[in-house]
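Engineer: I'll drop the sequence and a predicted model, then ask my questions.
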Amino acid sequence: MVRTTDSTGKVLGVIVFVLGVLLLLAVFVLAYQDLIASNDASLFTRLVNLPMALLFKGALLFIMGIVASAIANKGIGLYQASRGHEAE
């Protein structure tokens, strides 16, 4: 039994994984910036508009985090699938 590897699949897997990790990093940076910006608002704005804005932005950031995690997971799957399979 011979194990064959796919170098193109490995490279693509690593690229997709790194893309997913960069997207996750972007989500964390956006979340941090939104939280910092929320402290600069006036008292009236914080009491009236801020809860809805944070809920909406939080939901969007949550969805973006799920998508970025799925992309990173697919990159790991591509890399793992290209590591080798048994050829007869």
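Structural biologist: That came through, no problem. Since we're looking at a predicted model, the values are computed, not measured. Numbers count the residues shown, from 1 in each chain.

Engineer: from here on, contacts and neighbour counts on C-alpha atoms
Structural biologist: Will do.

Engineer: tell me what the helix or strand containing Phe62 is packed against?
Structural biologist: Per DSSP states H and E, Phe62 falls inside helix 50-82. Where contact means 3 or more C-alpha pairs under 8 Å, 6 or more residues apart in numbering; DSSP states H and E, helix 50-82 is packed against helix 7-38.

Engineer: Now do the helix it packs on and helix 50-82, the angle between them.
Structural biologist: 170 degrees (axes from the mean of the first three to the mean of the last three C-alpha atoms, to 10 degrees).

Engineer: counting contacts, what elements does helix 7-38 pack onto?
Structural biologist: helix 50-82.

Engineer: what comes up buried for the helix it packs on?
Structural biologist: Within helix 50-82, the residues that qualify as buried are 50, 61, 64-65, 68-69, 71-79, 82, counting by 16 or more other C-alpha atoms under 10 Å.

Engineer: Among these, which one lies nearest to Lys10?
Structural biologist: Tyr79 (4.7 Å; C-alpha to C-alpha).

Engineer: ok, now how distant is the closest residue in space to Val21 that isn't next to it in sequence from Pro51?
Structural biologist: Nearest residue to Val21 in three dimensions, chain neighbours excluded: Ala72, at 6.1 Å (C-alpha to C-alpha, 6 or more residues apart in numbering). According to C-alpha to C-alpha, to the nearest Å, Ala72 and Pro51 sit 31 Å apart.

Engineer: quick one on the thing from earlier: spit out the contact partners of the residue nearest to Val21.
Structural biologist: Contact analysis of Ala72 by C-alpha atoms under 8 Å, 6 or more residues apart in numbering lists 16-21.

Engineer: Spell out which residues sit in contact with the residue nearest the centre of the chain, please.
Structural biologist: Nearest to the mean C-alpha position of the chain, by C-alpha atoms, centre = their mean, lies Ala68 at 2.2 Å. For Ala68, the contacting residues are 20-21, 23-24, by C-alpha under 8 Å, 6+ apart.
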